[in-house]
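J.: fold the following for me, if possible:
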Amino acid sequence: MHRRNARTRTLCLLAILLASGSAHCQPESRRLPYIPPKLHNWPQPYRGVPGLEAHVFVTGFVELPEALLVRGGAWTRMRQLPVTSLVLQHPQQGVLVVDSGLSKAVAAEKVWPGSFLFPAEGLVQLKAAADLSEALPRAGIRPEAVRWIVQTNLRALRTGNLRAFPRATVVATTAERDYASRQQTGYDPALWAGVEQWRSVDFTAAQPLGTFERAVDLLGDGSVQLIDGRGPTPGTMIVLVRLPRRALLWASDVVPTWGTLRTAREPYGLWNGDAWWLTFWRVKRLADLAPEVQIVPAFDSTGSGEPSFPARFHELPTPATSPTRRPSPNPWERILPRPW
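T.: Numbering: from 1, shown residues only. Below is the predicted model of the structure:
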């Protein structure tokens, strides 16, 4: 009897999964948006900021089924992705961090959107590699020199190290702060509760930049441009950095992986799919019109295969306890008991 009940529960859950998946695997077909082949406020030839240096740090790893990364992805194919932070050394403004990254505390709390059917502990694994404040000195950067922290969004994966830099001014959009205060999953207000200095960005009166309609010059010298990247969340930002020889476009969750950039597959869990679609193609159009721009996805930000990658990548080893070494069906066994 027990075995029969287990089989029945398994079949019922599979039916629910198939029914829900069929409704959401594929986004509605969308037309390619028309983006004029014109670069606004874009000096030619390219001019970067002398002395500006960029570093990419791995702060941890997230492993999840492909279906929780892109719509239509496979539930049985596991992906392990690095969670990264961008650190800039400005010749006049000191050190600026873009996305403070995953911390050991956040990884331990397993802060991730979940539900009764898809518990985070069963399908998503978080592993912190090194808190950013610990990794900076290894690269010769003093943590107390950090003056700015730009949060492209306030999701827990990106804000885990805010408390490690109490002197820094945290930059986020007004829309993102409002949105984050109302969310029950994926965000942890305790991570930014102690922030004393905020700079709120409002794109209402912003100027166009490149293929984007709204951008704000953070430092006033063109070195760091904050771009309206709404779609993943209502307040997501994209960051353009004018390095001496190339521009670096930190695309945040608008472009989660290199695969997203190649295939235009819609990421899972967007705030607004239509807004993301338009923002995504503005990113693609900029890359077409301005070859000096290096796009950097939210994950896979390693610069692998890019000999002219403009940032120094500080590689950290994949955690020894990485769940990628498990057979991919194992996460299902935590939810769906074997019927035999």
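J.: hmm, Arg182 and Trp271 touching each other?
T.: No: with contact defined as C-beta atoms under 8 Å, Trp271 and Arg182 do not form a contacting pair (11.6 Å). The C-beta positions use only the backbone N, C-alpha and C, and glycine is treated the same way.
J.: looking at the two, which one has more neighbours?
T.: Between Trp271 and Arg182, Trp271 has the larger neighbour count (other C-beta atoms under 10 Å), namely 18 against 7.
J.: identify the residues contacting that one.
T.: Counting by C-beta atoms under 8 Å, 6 or more residues apart in numbering, Trp271 makes contact with Tyr179, Arg230, Gly231, Pro232, Thr233, Pro234.
J.: now do 6 Å
T.: With contacts defined as C-beta atoms under 6 Å, 6 or more residues apart in numbering, Trp271 is in contact with Thr233, Pro234.
J.: repeat for the one 5 residues further on
T.: For Trp276, the residues meeting the contact criterion (C-beta under 6 Å, 6+ apart) are Gly231, Leu270.
J.: for it, give its distance to Thr84.
T.: In this structure, Trp276 lies at 20 Å from Thr84, with C-beta to C-beta, to the nearest Å as the measure.
J.: now do the helices in this structure.
T.: Secondary structure of the chain (DSSP state H): helices located at 2-24, 104-109, 120-123, 132-135, 156-159, 174-180, 258-263, 273-289, 330-333.
J.: where among those is average confidence lowest?
T.: Lowest mean pLDDT of the helices of the chain: helix 2-24, a mean of 41.
J.: if I read this right, Phe57 contacts Ala311, doesn't it?
T.: No: at 10.0 Å, Phe57 and Ala311 do not qualify as touching, with contact defined as C-beta atoms under 6 Å.
J.: who has more neighbours, the two?
T.: Phe57 (28 against 24).
J.: so who does that one touch?
T.: Ser85, Ala135, His314.
J.: and it, how far from Thr84?
T.: Applying C-beta to C-beta to Phe57 and Thr84 gives a distance of 6 Å.
J.: what do you get for Arg147?
T.: In terms of C-beta to C-beta, Arg147 sits 20 Å off from Thr84.
J.: and these two? which has more neighbours close in?
T.: For Arg147 versus Thr84, neighbours defined as other C-beta under 10 Å are more numerous around Thr84 (27 against 17).
J.: name all residues that make contact with Val201.
T.: Thr173, Val216, Leu226.
J.: ok, what's across the strand from it?
T.: Thr173 (DSSP bridges).
J.: Met237 now?
T.: On the basis of DSSP bridges, Met237 is bridged to Asp228.
J.: okay, it: pLDDT?
T.: 98.
J.: mind checking how far Asp274 is from Val195?
T.: Applying C-beta to C-beta to Asp274 and Val195 gives a distance of 32 Å.
J.: looking at those two, which has the bigger crowd around it?
T.: Val195 (18 against 13).
J.: the more buried one contacts Val170, doesn't it?
T.: Yes: the criterion here is C-beta under 6 Å, and Val195 meets it with Val170 at 4.9 Å.
J.: mind listing what Glu275 touches?
T.: For residue 275 the amino acid is Ala, not Glu. Applying C-beta under 6 Å, 6+ apart to Ala275 gives the contacts Arg230, Gly231.
J.: so how far is Val95 from it?
T.: For Ala275 relative to Val95 (C-beta to C-beta), the value is 32 Å.
J.: neighbours of the nearest residue to Glu176 once chain neighbours are set aside, how many?
T.: Among residues not flanking Glu176 along the chain, Gly235 sits closest, at 2.5 Å (C-beta to C-beta, 6 or more residues apart in numbering). For Gly235, the count of nearby residues is 26 (other C-beta under 10 Å).
J.: and the strands in the stretch 1-150 of the chain?
T.: Along the stretch 1-150 of the chain, counting by DSSP state E, counting those that start in this stretch, strands occupy 53-65, 78-90, 94-98, 125-128, 146-150.
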